[in-house]
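Student: Structure, please.
(one chain, ligands or ions: 1)
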Amino acid sequence: MLRHLMYKIKSTGPITVAEYMKEVLTNPAKGYYVYRDMLGKQGDFITSPEISQIFGELLGIWFISEWMATGKSTAFQLVELGPGRGTLVGDILRVFTQLGSVLKNCDISVHLVEVSQKLSEIQALTLTEEKVPLERNAGSPVYMKGVTKSGIPISWYRHLHDVPKGYSFYLAHEFFDVLPVHKFQREHIAMLPRLVLNSRAQVFVLPQHPKELGLQKTPQGWREVFIDIDPQVSDKLRFVLAPSATPAEAFIQHDETRDHVEVCPDAGVIIEELSQRIALTGGAALVADYGHDGTKTDTFRGFCGHKLHDVLIAPGTADLTADVDFSYLRRMAQGKVASLGPIKQHTFLKNMGIDVRLKVLLDKSNEPSVRQQLLQGYDMLMNPKKMGERFNFFALLPHERLEGGRHQRNARQSKPFASLVAGFSELAWQ
Ligand code: SAH
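Tutor: Here you go, the predicted structure:
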């Protein structure tokens, strides 16, 4: 990967951080996500569905709750973006089976959007019925098809726009944080004496990591951070600043007050597509990820073997990620659908009844190791110092869902309608 990037930079000049992330993570021949299983204790990072089955079960309840609240349609698609090992969708489908009497007249299909060849194979192993052979067609937008263990049709796509536009519930867990970001630094006078002109591509050199530079606003405006080869060390990469404006600057808000920002145009494109679909056919989207509400600055980082990893060293061997800017997702949905959140993971899971579910599972098990695993998993998901406060939930819903409708509101309910969306307020089963 390093050689490939060096060759690219030598032939066409420094690349944006977004281009770097995209190449490193999803290059079809060598991308980090394409040919490896990086999840779990043996991998580079662990996610909530891999920690506890309760996580997926509660998300399954969320979708059923929305399906019931919006009139129990006769069919829906469950669409997951970036399904990892398929654990989350597997836990959700188990809940659908357990609540079979509620869903018995509903035709469900599963649609997975996945770029990774390796992970899509693991998803198929986790989710599909061995006796029904998978249909494969690498050249088609639907590159794999099968039937789940509970008899539901399941299909794989590389892009969301290839998923059929039916009534759908969408899920994206730790997906938006791997989408490529452009990074910008507000140029300021104090750093000018420290800049050097790069003769090859006319790019200014940043002597340190961007966040270490002092902050002092000047009228010069934004400069995009690029990645270049270090002239002192031939096989090393370094950050540099563009000498003039670049097109992605258009994604920065006019009234932006931060001095360092990350913008993710791909996230905007996906939220727009989800919003259009939900506005057109109904349904909902649930996004869960670590992130902020338009306040953080430099969050681009790498993970390898559960430890922080320098993003420029040994590209392709570590995960690269940037916090999700939920304020941007909300802006991109505005006018098309309503949004709820972001709210903290511990609040969302508490509202969804995690304590009750934990108690049921503990009561059912006499095995000390299982009980310990359940309690440890709960702590990891809920503890504010662990995942409880770092992860957020955010939802897109049709406007009518929050405005209320005849079948959704009865005369005794006086609360504003948003409070009846499970997870974003306490769960209210009827
Ligand atoms: N949701 C899972 C996995 C998160 S890791 C979990 O929580 O356990 C990110 C996932 O997104 C992986 O499955 C990865 O292969 C996939 N992915 C990364 N970039 C993608 C892209 N551009 N399009 C579709 N899937 C992508």
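
Student: Helix, strand, or coil at residue 269?
Tutor: Under the three-state scheme (DSSP: H, G, I helix; E, B strand; the rest coil), the conformation of residue 269 reads as helix.

Student: same question, the one 5 residues further on
Tutor: On the three-state scheme (three-state DSSP), residue 274 is labelled helix.

Student: So it is in contact with residue 163, correct?
Tutor: No - between residue 274 and residue 163 no contact is recorded; they are 10.4 Å apart, counting by CB atoms under 8 Å. (C-beta placed from N, C-alpha, C; glycine too.)

Student: Which parts of the stretch 151-300 of the chain are strands?
Tutor: Secondary structure of the stretch 151-300 of the chain (DSSP state E, counting those that start in this stretch): strands at 153-157, 168-173, 182-186, 197-198, 203-205, 222-229, 237-241, 260-263, 283-292.

Student: Model confidence for residue 221, exactly?
Tutor: With respect to pLDDT, residue 221 has a value of 88.

Student: ok, now which ones touch it?
Tutor: Taking CB atoms under 8 Å, 6 or more residues apart in numbering as the definition of contact, the neighbours of residue 221 are 186, 187, 245, 249.

Student: Looking at these, which one is closest to the ligand?
Tutor: residue 249 (23.1 Å; CB to the nearest ligand atom).

Student: leaving aside the residues next to it on the chain, what's closest to the closest one?
Tutor: In space, not counting the residues next to it along the chain, residue 249 is nearest to residue 222; the distance is 5.2 Å by CB to CB, 6 or more residues apart in numbering.

Student: where does the stretch 101-250 of the chain dip in pLDDT?
Tutor: Low-confidence regions of the stretch 101-250 of the chain, defined by pLDDT under 70, span residues 188-220.

Student: Show me what from it comes close to the ligand.
Tutor: 113, 114, 115, 116, 119, 173, 174, 175, 178 (CB under 6 Å from any ligand atom).

Student: among those residues, which are in helices?
Tutor: If you go by DSSP state H, those have residue 119 in helices.

Student: Please enumerate residues in contact with the helix or strand hosting residue 24?
Tutor: With elements taken from DSSP states H and E, the one containing residue 24 is helix 17-26. With contact meaning CB under 8 Å, 6+ apart, helix 17-26 is reached by 1, 4-5, 8, 15, 31-34, 115, 178-183, 225-227, 248, 264-265, 300, 315-316, 319-320, 322.

Student: Return the distance of the residue nearest to the spatial centre of the chain relative to residue 330.
Tutor: Centroid check for the chain by CA atoms, centre = their mean gives residue 175 as the closest residue, at 2.3 Å. As judged by CB to CB, to the nearest Å, residue 175 and residue 330 stand 17 Å apart.

Student: what's the angle between the helix or strand encompassing residue 4 and strand 222-229?
Tutor: Remark: residue 4 resides in helix 2-12, with elements defined by DSSP H and E. Our comparison of helix 2-12 with strand 222-229, counting by axes from the mean of the first three to the mean of the last three CA atoms, to 10 degrees, yields an angle of 120 degrees.
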